[in-house]
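[1] Dropping the sequence and predicted coords here.
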Amino acid sequence: MKDFSLLIQRLDQLTKTSEKVKVLSDYFKTAPQKDVVWAIAIWSHRRPKRPISTTLLREWAAELAGVDQWLFEDSYHIVGDLAETIALLTCKKEVTIHHSKESLSTIIEDLIALKTQSENQKKAYITTKWAELNYFGSFTFTKLLTGGFRIGISQKLMTKALESAFDIPSDEIAYRLMGKWNPTEVTLKKLLFDNDPEANQSRPYPFFLAYPVENTPEDLGDISQWSIEHKWDGIRAQLIKRNETFAIWSRGEELITEQFPELQSIKDQLKEDVVLDGEIIPIKDGLPDHFGTLQKRLNRKRITNSLLEEAPVVFRAYDLLEYQGKDFREQTYLERRNCLESIPFSGPLQLSKFKIFKNWQEVEDERLRSKEVKSEGLMLKQIDSTYGVGRKKGDWFKYKNDPLNCDAILTYVMRGHGRRSSLYTDFTFALWDRDPKDPEAKLVTFAKAYSGLTDQEFKEINRWIRSNALEKFGPVRAVKPELVFEIAFEGVAPSSRHKSGYATRFPRIVRWRKDKKIDEANRLEDLKNLVR
Amino acid sequence: MKPDLLSFTSKGIYCAAADVYLDPWRPVDKAIISHAHADHSRYGNKKYIAHHHSVPVIKHRLGGVNIQGISWNEPFSVNGVQFTLYPAGHIVGSSLIKVMHKGEIALFTGDYKLENDGLSTPLEMQRCHTLITECTFGLPIFRWKPQQEVFSEIENWWSFNQQNSFTSVIYAYSLGKAQRLLHHLQSTHGPILVHPAIAAVNESLSTIVSFKSVQTLTADINPIDHPGALLILPPSGREAKYLKKWGELRTASASGWMATRGNRRRRNVDRGFVISDHCDFDALNTCIKYSEAEKVICTHGFTDIYSKYLRGIGFNAGTEHAEFEEEEVENSTDLLVQ
Ligand SMILES: [Zn+2]
Ligand SMILES: [Zn+2]
């Protein structure tokens, strides 16, 4: 793993994308092919299953480091990354050059084999590695154990590096890496160089992603160049029908065909072979239901009939990527839509309609209708644009509804990470569960937010916390209910995460309402009313 | 129970018996100052008492204040209470302040470190009954490598940049870290230029310590004359417009906070070199054990966690709130840049 942890060290010390691409590309060219396959798997979220729980890892690391468990946990909270915490705590200062003699694939094979071994064997293997590796060796090793390799290497950057290493266009690489492949079995040649028709059968295309409208949509210029449709709040998915193959892929590249039995009939409904891009959305009384309903359907082992009745879904298509075996992605948006609309839509297969408006005011009016049609806002697509790979600025924009908001009371604070770890930066907010005048009224938490305050306010609140902190739970402190903040969020849905029984999406602090007393804060009921 | 020799008030750490404050954060009549960093020696006191070596920098920063210089290891008396300064090893002139009265000994560390940086006089830890300590890096994740290792990392990085025709820029605190870099980096490597704020601090320290002579980085300097240069700037100097003409830059930060990757990313520098003028976790433990203190009070840094740790290993330890910056990051530099 020496060359791999050296690679991680180099990547960690670079900030420029072009330099990262070069270092990564050099690695791809020189490393053993088996290692390259694993490196690709790791950066495309295909690491082997975790052989051990992080709870045990934390216990063993604390023991090896000779610190109490609470001190380990507090340190972890401050560092914010488990592999890094373990490396910082267990590396001996004097080990400075030892990375590891084994190759990346050997280590990964060890980890796969570890899964079936006894806890003692696992512990012996892992703690020996920690003890003998240097900082980056240990960091990399633990990352392989726990997954989540986020060191500034996006899949896009990786495909660029592969392009430069092997002289295959990066879009083509992105496509070949889509779908199901198993790094323990596949060779680099098979993965990147062979054009295997069988593997192509169920392979999805890379998704094209939208950018948010930054200021106002008028900045996009000529209205006649833009197709406008509603943005549906569901699971982005690609539906593939090729010969006998019928597959539905999520944007996270998971095969979700089996999870939605009510979509199976689409296979027979489609006369031609097609690949469709669209959204799986929950439906209630003919209109989209809120996202929370759909969440009940996810990651279920068994889809019961009652669940099917309670939360039925449809596939609402808005783009066509392949037709009769022909890749359509280079056609313009309007051409693709034309072809899309020739497909018979009915039952669980729906069409997401688009319009072209005469002026931007009409677009604004349409957006105001989104509550009515139960959409999240609008999508703006350039009518001549091709279907790209990943996020590319300029062709697709999302123009979301005005965020929802409410006034809430600060109830818990938590220390920040790293440099800000001696300050309280994470705030939890609560609403009244009934009329605050009622002596039984309680505060129930519903959102946690980090951002949105000025540095000045931030300092002021931290000073206030020092004299108003109540009990302490590890890094979390309860504070006296006194400060009111306006919180904005994108959506709200039932959830067991917070005491209120509701959770918001993307909550953030809009402003500190110094003008408000706590009995002027919103009630849980107000939040429930915002559920679409 | 007799009253504590030192107490925490809204103005600062107070010795009632002597009617004097240690590193006060609000203006007072008489202040004994541990060291010249801005959060420990603030503006507005009627009288300052500090080690001789702190005097020039305090004067440089605060102008014509009434200040008295004191030597290390030489007890002096204020209203019948005996005070002694000892080297704290943090920056030039930094001192531990020992207070002795009626057989009771209290020690205030200010900021301190165990490793000999070659510039500030090495720490002379003292025994005491009550210890008031900083614990900026009071977590076991902070463990410093020997400085020589870090300086060779810096030199390797600098060489690499030179080979690629990049200009190297290191952000370091104007008072302390900048001088430490100058002292340890080999000028045979290439030209070193420092920000005017650092040059001014060097100038005020020139009667106490000598540095290799380096150029001051001013707007009229032509980068062509200084190929392969290393620029040392305070963290606030990164917006300087004249940096543009230095071609492609590679930036680094030299600080104890660089121990974690998250901090490195947040600072948005290419490299982080882990070097600090504070004690790391092991050094704190060593010093506190040495002090044999019956009571330990943690003032700034990871006070809750560290005092809990100390209680776990048998110390009577707690925290008090002091308005010293809890982070090296915000320390002093901005005032010095002016
Ligand atoms: Zn200091
Ligand atoms: Zn300090």
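    Yep, that arrived. Ligands and ions are numbered 1, 2, ... in the order given.

[2] CA atoms for contacts and neighbours, from now on please.
    OK.

[3] Helices of the stretch 51-200 of chain B, start to end?
    In the stretch 51-200 of chain B, the helices defined using DSSP state H, counting those that start in this stretch lie at B:55-62, B:147-163, B:177-184, B:196-205.

[4] Would you mind giving these as a markdown table with mean neighbour count and mean pLDDT added?
    Below are the helices of the stretch 51-200 of chain B laid out as a markdown table (neighbours: other CA atoms under 10 Å in any protein chain shown; pLDDT from 0 to 100):
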| stretch | mean neighbour count | mean pLDDT |
| --- | --- | --- |
| helix B:55-62 | 21 | 93 |
| helix B:147-163 | 16 | 94 |
| helix B:177-184 | 21 | 94 |
| helix B:196-205 | 22 | 93 |
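
[5] Just send those helices back as CSV, with distance to chain A too.
    Formatted as CSV, the helices of the stretch 51-200 of chain B follow (distance: least, CA to the nearest CA, whole Å):
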stretch, distance to chain A
helix B:55-62, 25
helix B:147-163, 10
helix B:177-184, 18
helix B:196-205, 24
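
[6] Okay, now the unreliable bits of the stretch 101-250 of chain B?
    Where the stretch 101-250 of chain B drops to pLDDT under 70, the residues are B:239-240.

[7] Quick check: the residue of it nearest chain A.
    Nearest residue of the stretch 101-250 of chain B to chain A: B:Ile141, at 5.3 Å (CA to the nearest CA).

[8] burial of that residue, as a residue count?
    23 (other CA atoms under 10 Å in any protein chain shown).

[9] How about A:Thr245?
    11.

[10] correct me, but it touches A:Ser202?
    Yes - counting by CA atoms under 8 Å, A:Ser202 is a contact partner of A:Thr245 at 6.4 Å.

[11] What's the separation between the residue lying farthest from the centre of chain A and A:Leu483?
    Residue farthest from the centre of chain A, counting by CA atoms, centre = their mean, is A:Pro439 at 42.0 Å. For A:Pro439, the distance to A:Leu483 equals 20 Å [CA to CA, to the nearest Å].

[12] B:Arg61 now?
    B:Arg61 is 38 Å from A:Leu483, by CA to CA.

[13] Now do A:His417, the pLDDT please.
    For A:His417, the pLDDT comes out at 60.

[14] for the one 4 residues further on, same thing?
    At A:Ser421 the predicted local distance difference test score is 63.

[15] wait, what's in contact with A:Gln264?
    A:Thr257 (CA atoms under 8 Å, 6 or more residues apart in numbering or on different chains).

[16] Show me the domain layout of the chain.
    No chain specified, so I'll use chain A. Following automatic domain parsing, one gets these domains for chain A: A:2-145, A:208-400, A:404-528.

[17] actually it's chain B I care about, not the one you picked
    B:7-141+B:277-319, B:147-273.

[18] Tell me which of those is the most buried.
    When you average the neighbours per residue for each of the domains of chain B (mean count of other CA atoms under 10 Å in any protein chain shown), domain B:7-141+B:277-319 leads with a mean of 20.

[19] all strands for the stretch 251-400 of chain A, in order.
    Counting by DSSP state E, counting those that start in this stretch, one finds strands in the stretch 251-400 of chain A at the ranges A:274-284, A:287-288, A:313-323, A:326-327, A:349-351, A:354-355, A:377-382, A:390-391, A:396-400.

[20] To B:His189, which of these lies closest?
    Closest of those to B:His189 is strand A:390-391, at 44.3 Å (criterion: CA to CA).

[21] got a list of contacts for the closest one?
    Contacts for strand A:390-391 (CA under 8 Å, 6+ apart): A:156, A:206-211.

[22] Next: stretch A:219-228.
    A:354-360, A:363, A:378-384.

[23] Show me what counts as buried in it.
    A:220, A:223, A:225-228 (16 or more other CA atoms under 10 Å in any protein chain shown).

[24] Specify which member of the residues you listed is nearest to chain B.
    A:Leu220 (31.7 Å).

[25] near chain A, which residues of the stretch 151-300 of chain B?
    B:257, B:260, B:262-263, B:269-271 (CA under 8 Å from any CA of the partner chain).

[26] Turn those into JSON lines, columns for pLDDT.
    Output for those, formatted as JSON lines (pLDDT from 0 to 100):
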{"residue": "B:Trp257", "pLDDT": "89"}
{"residue": "B:Thr260", "pLDDT": "88"}
{"residue": "B:Gly262", "pLDDT": "76"}
{"residue": "B:Asn263", "pLDDT": "77"}
{"residue": "B:Val269", "pLDDT": "84"}
{"residue": "B:Asp270", "pLDDT": "87"}
{"residue": "B:Arg271", "pLDDT": "92"}
